[in-house]
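Q: have a look at this prediction, sequence included:
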Amino acid sequence: MLSSEDTDLLCRVDADTPMGKMMRQYWLPFGYSWEYEKDDQPQRIRLLGEDLIVWRSSEGELAVTQPNCPHRGVNFFYGRNEESGIRCAYHGWKFDVTGQCVEMPNEPAESNFKYKVKIKSYRCADFGGVAWVYMGADQLNLPQIPQFEWGLLPEENVNHAQKIVYECNWMQALEGELDSTHVYFLHRRLDPSDSPRFGLYHNDMRAKFHIVDKEYGFTYGAERTELDGNTYWRTTQFLFPFYGMFPAQDGVVPLSIYVPIDDYHTLHMGIWWKPSGPMEGTRRPSALLADELGALAPGVGPMKDEQHGKFFSHWWPKAAPDSDFLVNALAKKTKNMTGIPTVRLQDSAVIHSMGPIMDRTKEHLGTTDASIIRARRSLIRAAVAFDKEGKMPPGSENPQKYFVRSCATILEPNLKWEDALEDWHNCKTNEFPRLLSESNRPFQERILPNQ
Ligand code: FES
Ligand SMILES: [Fe+2]
């Protein structure tokens, strides 16, 4: 349980809140590089409660700037992105990627007024096929973008599986990522003998948690006993401030990103990569749902038509509160726990159903919520320490530490998980730590690709 004061401290991210100030010490991913083309239409985004406009200059430089013109307040969404700058549609004032005004066509030719006018422009960059922005107050001394392994691999080793706007607070989305015991309940198929296409299954619902603090957050191993006495380990990474690497198998690693759009909306992106070689499938999000009753598709399904007037206008999903997440009653009765057509949408339904910001004064946490408790405490502690003492939050000054992985595998019961998995977790080997041979590998479950 959390007091309402601590819930506010944890969840609220506007510029004047401790968490909002702390988040501004990190680079924020907000889209795919391919979404923003040179001299193309400016696009609306909102991050940490701040509305912004994104555009890419004729030279290919990404720009994230304030939305309203400093002349008389017209929104640059209606402006023109042309010849190395963005031009306001009303009187033609034009600004370059640094925010400097470079033209004022309605002022006298001899006027030097333009040199005195500048708009807010945040530093931004492309890394790993993703567009990033840094919203910290110091725009001169920037940290490096977190050096995730997927950002350093060839393009074909990486699948950008999904991008979606959630209509709820970022923290309840992240909490779902760090919650290992929901996996074999929420995402289960009803009949264990059915194909894994209909959902997951494991006999042991009671994982034991082992949490280890790291410079970037923490890692934990969730331990379950297999029917043959071996140990099934699911390891997860929590990386400040809003990243989770949940466990997957067969040499693939997934990252889930939950960037706060504002207190009531979250931008979720999911990225999968294979350190040892090319990934199968598309590099971009799939909009498809399975056509077999109760079978689960990867990703988050199709998007609504462009949501004109809204931020991230192309990324509002059809499966949302206003469609009950496309639940199918027959699939729910006969095939899987929820009747909702993808694993990610099943997560989406439960976190939205808690309300825009979950009231944590009413919750009852159990022993298996240990990782959620640890994440909340460490986030609140870091936000307060930054706000009160200027202490830099975890990972913000160590971007190289983000070069880690998670995994799900079976180990012999006497092996120490941290030692056995260390080389894989720290990207020192591309050989997946499958310590039992394929023939005697009694894996209870295979996780669907791109869950
Ligand atoms: S309002 Fe933008 S140029 Fe006048
Ligand atoms: Fe889930």
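A: Yes, it's here. Ligands and ions are numbered 1, 2, ... in the order given.
Q: contact partners for the closest residue to N169 other than its chain neighbours?
A: Leaving out its chain neighbours, the residue that sits closest to N169 by C-beta to C-beta, 6 or more residues apart in numbering is I357, at 4.4 Å. Yep, even glycine has a C-beta here, placed from its N, CA and C like the rest. By C-beta atoms under 8 Å, 6 or more residues apart in numbering, the contact list for I357 reads 7, 11, 168-169, 172, 263-264.
Q: try it again with 7 Å
A: The contact partners of I357, by C-beta atoms under 7 Å, 6 or more residues apart in numbering, come to 7, 11, 169, 263.
Q: surely the third one touches G355?
A: No: shown here, N169 and G355 do not form a contact pair, counting by C-beta atoms under 7 Å, at 8.7 Å.
Q: ok, these two, which is more surrounded?
A: When neighbours are counted by other C-beta atoms under 10 Å, N169 comes out ahead of the other of N169 and G355, with 28 against 12.
Q: against R344, how distant is that one?
A: 18 Å (C-beta to C-beta, to the nearest Å).
Q: buried set for stretch 32-40?
A: Buried positions in stretch 32-40, judged by neighbour count with 16 or more other C-beta atoms under 10 Å: 32-33, 35-36, 39.
Q: do the same with stretch 95-111
A: Buried residues in stretch 95-111 (16+ other C-beta under 10 Å): 95-97, 99, 101-104.
Q: just to revisit the earlier point, want to try a markdown table for the buried residues of stretch 32-40, with pLDDT as columns?
A: Shown next, in a markdown table, are the buried residues of stretch 32-40 (pLDDT from 0 to 100):
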| residue | pLDDT |
| --- | --- |
| Y32 | 98 |
| S33 | 98 |
| E35 | 98 |
| Y36 | 98 |
| D39 | 96 |
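Q: I'd like those as JSON lines, with distance to G73 and secondary structure appended.
A: Below are the buried residues of stretch 32-40 laid out as JSON lines (distance: C-beta to C-beta, whole Å; DSSP: H, G, I helix; E, B strand; the rest coil):
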{"residue": "Y32", "distance to G73": "30", "secondary structure": "strand"}
{"residue": "S33", "distance to G73": "30", "secondary structure": "helix"}
{"residue": "E35", "distance to G73": "26", "secondary structure": "helix"}
{"residue": "Y36", "distance to G73": "24", "secondary structure": "coil"}
{"residue": "D39", "distance to G73": "24", "secondary structure": "coil"}
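Q: near ligand 1, from those residues?
A: Filtering the buried residues of stretch 32-40 for proximity to ligand 1 by C-beta under 6 Å from any ligand atom leaves nothing.
Q: of all the residues you listed, which two lie farthest apart?
A: Y32 and D39 (17.9 Å; C-beta to C-beta).
Q: ok so, going back, nearest to E110, of the buried residues of stretch 95-111?
A: M104 (11.5 Å).
Q: so what's that closest one closest to, chain neighbours aside?
A: In space, M104 is closest to K114, 4.5 Å off (C-beta to C-beta, 6+ apart).
Q: who are the contact partners of that neighbour?
A: K114 touches 101-104, counting by C-beta under 7 Å, 6+ apart.
Q: just K335 next, same as before
A: By C-beta under 7 Å, 6+ apart, the contact list for K335 reads 189-190, 198, 293-294.
Q: now, among the residues you listed, which is nearest to E412?
A: R189 (28.1 Å).
Q: the spatially closest residue to that closest one that is not a sequence neighbour: neighbouring residues, count only.
A: Nearest residue to R189, sequence neighbours excluded (C-beta to C-beta, 6+ apart): G199, at 3.3 Å. Residues near G199, counting by other C-beta under 10 Å, number 26.
Q: what's the separation between G199 and A331?
A: Relative to A331, and taking C-beta to C-beta, G199 is found at 10 Å.
Q: ditto for M205
A: 22 Å.
Q: which of these two has more residues huddled nearby?
A: Remark: of M205 and A331, A331 carries more neighbours, 23 against 12, as counted by other C-beta under 10 Å.
Q: confirm that that one sits in a helix.
A: Yes: A331: assigned to a helix according to DSSP: H, G, I helix; E, B strand; the rest coil.
Q: give me the pLDDT for it.
A: Predicted confidence (pLDDT) for A331: 98.
Q: and it, what does it touch?
A: 293-294, 339.
Q: got the phi and psi for whatever residue of the stretch 201-350 of the chain ends up closest to ligand 1?
A: Nearest to ligand 1, among the residues of the stretch 201-350 of the chain, is G309, at 19.3 Å (C-beta to the nearest ligand atom). The phi/psi pair for G309 (degrees, to the nearest 10) reads phi 90, psi -10.
Q: strands paired with the helix or strand harbouring F30, and their directions?
A: Here F30 sits within strand 27-32, counting by DSSP states H and E. In the sheet, strand 27-32 lines up against strand 130-134 (antiparallel) (DSSP bridges).
Q: how about the strand it pairs with as PDB, C-alpha atoms only?
A: Extracted C-alpha coordinates of strand 130-134, given in PDB (Å, rounded to 0.1, in the frame of the first residue of the first chain):
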ATOM      1  CA  VAL A 130      14.500   5.300 -32.500                       C
ATOM      2  CA  ALA A 131      14.000   9.000 -32.000                       C
ATOM      3  CA  TRP A 132      15.100  10.400 -28.600                       C
ATOM      4  CA  VAL A 133      14.900  13.700 -26.900                       C
ATOM      5  CA  TYR A 134      16.600  15.200 -23.800                       C
END
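Q: and the contacts of the helix or strand just after it?
A: Per DSSP H and E, the first helix or strand lying C-terminal to strand 130-134 is helix 149-152. Outside of helix 149-152, the residues within contact range by C-beta under 7 Å, 6+ apart are 127-128, 158, 255, 271, 273, 275, 403, 405, 427.
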